[in-house]
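1. Pasting a predicted model and its sequence here:
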Amino acid sequence: MGRVFPMELSPWPYNYSYSSRYFPLAESEARAQNLSWLTKESADAASVKEQSIPDSLPETDQPIVGVCEQTGRLFRITTEEIKRLRKLNAPLPRIADDLRMGERSLRCGGLVLKLRKSQKTGAPLLTAYDEQVAPIIWEKDEFDREFV
């Protein structure tokens, strides 16, 4: 069975990772754990801020760089996204894709972690499985010792 690489080796900044959705950390907490954090803004940000995202879909499929209305960060609207929005006759987004994905996840129920206890030792565990789906859960080490 494989092992997970340590978080500090992740190529993604913590604040852009899935982990940050379910285990939010402040920038100082993430840096204290040697995790990377993205705070930089593009050198073109000043010129992009002067432009605004068009109110209507563009005539071309060229990607658009916009400024997120919630965070002020730059984000890209890709060619594929523009084509899909055109088919749906939907407006261009004004919020960065990671925030939109987070909102979508919450609307769909998201991943809810439940505090349960290991059947074998009683140790506390965080799991996505409730008792109806998995009435018995064990810690990974316990499972490996017993079955691997």
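-> It's in.
2. tell me the domain ranges of this structure?
-> Here the domain parsing of the chain from automatic domain parsing is 1-39, 45-107, 114-147.
3. need the ones you listed in JSON lines with mean neighbour count and mean pLDDT, can you?
-> Placement of C-beta: from N, CA and C, glycine included. Converted to JSON lines, these look like this (neighbours: other CB atoms under 10 Å; pLDDT from 0 to 100):
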{"stretch": "domain 1-39", "mean neighbour count": "13", "mean pLDDT": "83"}
{"stretch": "domain 45-107", "mean neighbour count": "13", "mean pLDDT": "82"}
{"stretch": "domain 114-147", "mean neighbour count": "12", "mean pLDDT": "89"}
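4. Do a quick rundown of the helices in the chain.
-> Secondary structure of the chain (DSSP state H): helices at 19-22, 27-32, 45-50, 79-88, 97-107, 140-147.
5. quick one: contacts of the shortest one?
-> Looking back up the chat, that one is helix 19-22. Applying CB atoms under 8 Å, 6 or more residues apart in numbering, the contact partners of helix 19-22 are 7, 14, 102, 105, 110-111, 113.
6. quick one: which of these is nearest Thr127?
-> Leu113 (6.8 Å; CB to CB).
7. is it true that the closest one touches Thr127?
-> Yes. Assessed by CB atoms under 8 Å, Leu113 is found in contact with Thr127 at 6.8 Å.
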